[in-house]
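*Asks:* give the three-dimensional model of this entry:
(one chain, ligands or ions: 2)
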Amino acid sequence: MDFTSGLNDRQKEAVLSIDGPLLIIAGAGSGKTRVITHRIAHMLTQGIPQSSILALTFTNKAAREMSERVRELTKKKLSNLTVSTFHAFGVQILRKTIHLLPGYRDNFSIYDQADKNALIKECARELGMAPDTLDLWEIGNIFSSVKTFRHKWDGDTKIYEKLFHEYQEHLQLYNAVDFDDLIVRPIHILQENPEVLESYRERFRYVMVDEFQDTSMAQYRLMKILSETNRNICVVGDDDQSIYSWRGANYENIINFERDFPELTEIKLEQNYRSTGNILAAANGLIAHNTNRKEKELWTGTGYGNAIEIYYPENEQREAEFITTMIRMLKSRGEIEYHDVGVLIRTNSLSATLEDAFLNENIPYRISGGTSFFQRKEIKDLISYLRIMSNPDDDMNLLRIINTPRRGIGKRTLQRIQETAQKKNCSIYSAISALRYASDSGLGEKAQTDLSDFVSLIEYYREMVFTGKGIAKTVQSLVDAVQYWPYLIGEHQKNESTARWKYANICRFIEMIAQWEETQKEEGRKASVYDYLNRITLITRDDDQDDDDGKVNIMTIHAAKGLEFSLVFLAGVEAHLVPHARAVEEDPANLEEERRLFYVAITRAREKLYITSCRSRRNMRDVLVCEPSPFLTEIPEGLIEDHIGEDELSTEDAVEALSALRAKFASGS
Ligand SMILES: Nc1ncnc2c1ncn2[C@@H]1O[C@H](COP(=O)(O)OP(=O)(O)OP(=O)(O)O)[C@@H](O)[C@H]1O
Ligand SMILES: [Mg+2]
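*Replies:* Ligands and ions are numbered 1, 2, ... in the order given. Have a look, this model is predicted:
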């Protein structure tokens, strides 16, 4: 098979140069991701074993699509190819090596943001700091930047250093790691264990990274340390699409890469295959306003296509109506399928009104970027049970379920257990196991029986899940045994439909586990509860599992990175949202990042782009009068069909606002 057919010369060159460092910095839709998939396919035909190839990308969804694409190209089963996110790759390393870190065992738990906040709170309490006065998010961010080499303790943050050490010690005690650890712990392990590092270098002789502009400093270190000796490292990205600096991404990694791999080959891709001429010209015109960028110009061989259309609905409800009406009409004319449509928003808070309208209009949709399925309380409860089965020392999860559903273990009993755990420096579960029979436990008889029952329950299901009865079956049986349904009914007496809805989620959860087990079996892999837990912990809000076709995609611009849709609606393109007022207030330098975000949004569209900018928008209890985004004036004239004043809803204010903006643009200020 020739995997270079259907590629342009530059792309071919990239696919064929498999040895040595390769840097591809190119604009949106120029085929960067396509180059990676074809390159992998080509390598496999060159006799490079699957197991030598490591491809890293940003979201689980992107990773899935990438391996799917390689599978289609090669028509091969790819059980030894590693295509994953950085975090999932970190987990893979830790599963094999975490025992090299003092105090850790290979059944470790991974703490998500919510667990992390809860743990910080607990540590603060132990240190006698009043947890309710602390900004957990801010502290969490400080911890994160310290861990990932972005920050050293200084005058402003020093007050949290002690809390940080307490936090780290607790993680170790619970045999748990947080998200940052998934990248930095592997780095430490590799750095401190030369023979382990050697074996990884030996194995992953070819490394590729997509969306390179959004790698963090820590991620960069990880990929660098792996490829330092082989030097077969290919990174692809677009500095104009760097949109995660708030999360520590650093597009200066492009400069670092040039410094660390000076012998690199650089390939430029300049033809855009995704979008029509108008859309591309709009994107090019916009991004040219950024000063801090690598100069590049994209061109397309396809025609100009349709104009970009801008509408100015009276408020967010009218906006949602406009979008659903358009979709309905185009669908009924047979011009689109639902899955061809992306509705992009700057912030999550915009999704509720849209969701409502889609429900009303009966248009199937999926939302990514909302509360993840796995964050729902009923699901988190069951996940906590699974986590305790696999790692009983995980105190945070134990505390979550010890009384869920209520089993009468009282506050005093819990206090007693926690004291014992602290005194003996052991986990709560160990403390319970010891106290339930001890004559000097200081606990009443009933309390001891309750604790004993709890331990028996956990041990029973631990045994069940580890003796190959299947995870789905175990969870099903557990849900019955702990009487979760009566518990739900009890919790939602006033609203039984909520209870039913939650129970339906549980059933769906069990169904999802069963499906996963089935796939693992088909692919000849063991379906272990550790692997399952690791996997679902890494599913972020940005890429939920639901890959159903036949649905309109409503998502944040961040979540849409790397994706494409024939038809894109960009909603809420108003002055305070695009650029996001708070981001720019925090740091004026964020203006360029906001512009990149808008560039990412525009370049998701293949054929048609609608932009809506509401004239007013409800924000909590207030109604804000809105002006169109100033970025709209940066789109060159002649590409946009402006529907200003066209409907009876338009006000003179909006007309004035836009013409004022245009005047400003024309005068070049
Ligand atoms: N040589 C080509 N011939 C035809 N279609 C192509 C070619 N190269 C890329 N494409 C198509 O163009 C679209 C964009 O490609 P791809 O997603 O790889 O771009 P990208 O550079 O990764 O974009 P982004 O910057 O948004 O991640 C895809 O639909 C892809 O299949
Ligand atoms: Mg891409």
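*Asks:* mean confidence (pLDDT) on stretch 577-591, please.
*Replies:* Mean pLDDT, computed over stretch 577-591, is 91.
*Asks:* state the distance spanning the first to the last residue of it.
*Replies:* Terminal residues of stretch 577-591 lie 12 Å apart, using C-alpha to C-alpha, to the nearest Å.
*Asks:* residues of that stretch that come out buried?
*Replies:* 577-580, 583, 590-591 (16 or more other C-beta atoms under 10 Å). (C-beta placed from N, C-alpha, C; glycine too.)
*Asks:* and that stretch, how far from the chain's centre?
*Replies:* Between the centre of stretch 577-591 and the centre of its chain there are 22 Å (C-alpha atoms, centre = their mean, to the nearest Å).
*Asks:* show me the contact partners of it.
*Replies:* By C-beta atoms under 8 Å, 6 or more residues apart in numbering, the surrounding residues in contact with stretch 577-591 are 246, 346-347, 350, 572, 575, 593-595, 597-598, 629-631.
*Asks:* what do you get for stretch 427-434?
*Replies:* 173-174, 388, 392-395, 398-399, 417-418, 420-421, 424, 451, 454-455, 458.
*Asks:* go with 6 Å
*Replies:* For stretch 427-434, contacts defined as C-beta atoms under 6 Å, 6 or more residues apart in numbering pick out 392-393, 395, 398, 417, 420-421, 451, 455.
*Asks:* just the buried ones among the contacts of stretch 577-591, please.
*Replies:* Among the contacts of stretch 577-591, the ones that count as buried (16+ other C-beta under 10 Å) are 346, 350, 572, 575, 593-595, 597-598, 629, 631.
*Asks:* next one: phi and psi at residue 230?
*Replies:* Here is the backbone geometry of residue 230 (degrees, to the nearest 10): phi -70, psi -40.
*Asks:* from residue 193, how far off is it?
*Replies:* Here residue 230 is placed at a distance of 18 Å from residue 193 (C-beta to C-beta, to the nearest Å).
*Asks:* buried stuff in stretch 318-338?
*Replies:* Buried-residue list, stretch 318-338, by 16+ other C-beta under 10 Å: 318-324, 326-327, 330-331, 336, 338.
*Asks:* how far does that stretch sit from the chain's center?
*Replies:* Distance, centroid of stretch 318-338 to centroid of chain: 28 Å (C-alpha atoms, centre = their mean).
*Asks:* do stretch 294-308 as well
*Replies:* How far stretch 294-308 lies from its chain's middle: 29 Å, per C-alpha atoms, centre = their mean.
*Asks:* what's the first-to-last distance across stretch 45-54?
*Replies:* Using C-alpha to C-alpha, first and last residues of stretch 45-54 are 16 Å apart.
*Asks:* can you list the neighbours in contact with it?
*Replies:* 40, 80-82, 204-207.
*Asks:* and the residue nearest to residue 393 when sequence neighbours are not counted, how far is that from residue 104?
*Replies:* Leaving out its chain neighbours, the residue that sits closest to residue 393 by C-beta to C-beta, 6 or more residues apart in numbering is residue 427, at 3.8 Å. Per C-beta to C-beta, residue 427 is found 13 Å from residue 104.
*Asks:* same check on residue 611?
*Replies:* Taking C-beta to C-beta, one finds residue 611 at 50 Å from residue 104.
*Asks:* so these two - more neighbours on which side?
*Replies:* Neighbour totals were compared for residue 611 and residue 104, and residue 611 leads with 27 against 20 (other C-beta atoms under 10 Å).
*Asks:* related to what we said a few turns ago, tell me the pLDDT at the residue nearest to residue 393?
*Replies:* pLDDT at residue 427 comes out at 91.
*Asks:* element containing residue 498, please.
*Replies:* Secondary structure assigned from DSSP states H and E places residue 498 in helix 496-522.
*Asks:* please apply the same query to residue 305.
*Replies:* Going by DSSP H and E, residue 305 is not in any helix or strand.
*Asks:* quick one: contacts for the spatially closest residue to it that is not a sequence neighbour?
*Replies:* Nearest residue to residue 305 in three dimensions, chain neighbours excluded: residue 276, at 2.7 Å (C-beta to C-beta, 6+ apart). Contacts for residue 276 (C-beta under 6 Å, 6+ apart) come out as 302, 305, 607.
*Asks:* cutoff 7 Å now
*Replies:* By C-beta atoms under 7 Å, 6 or more residues apart in numbering, the residues touching residue 276 are 302-306, 607.
*Asks:* how many neighbouring residues does whichever residue of the stretch 501-650 of the chain sits closest to ligand 1 have?
*Replies:* Residue nearest to ligand 1 within the stretch 501-650 of the chain: residue 562 (4.3 Å; C-beta to the nearest ligand atom). The local packing of residue 562 (other C-beta under 10 Å) involves 21 other residues.
*Asks:* wait, is it part of a helix?
*Replies:* No: Residue 562: not assigned to a helix; according to DSSP: H, G, I helix; E, B strand; the rest coil it is coil.
*Asks:* surely it and residue 62 touch.
*Replies:* Yes: in this structure residue 562 lies within contact range of residue 62 using C-beta atoms under 7 Å: 5.2 Å.
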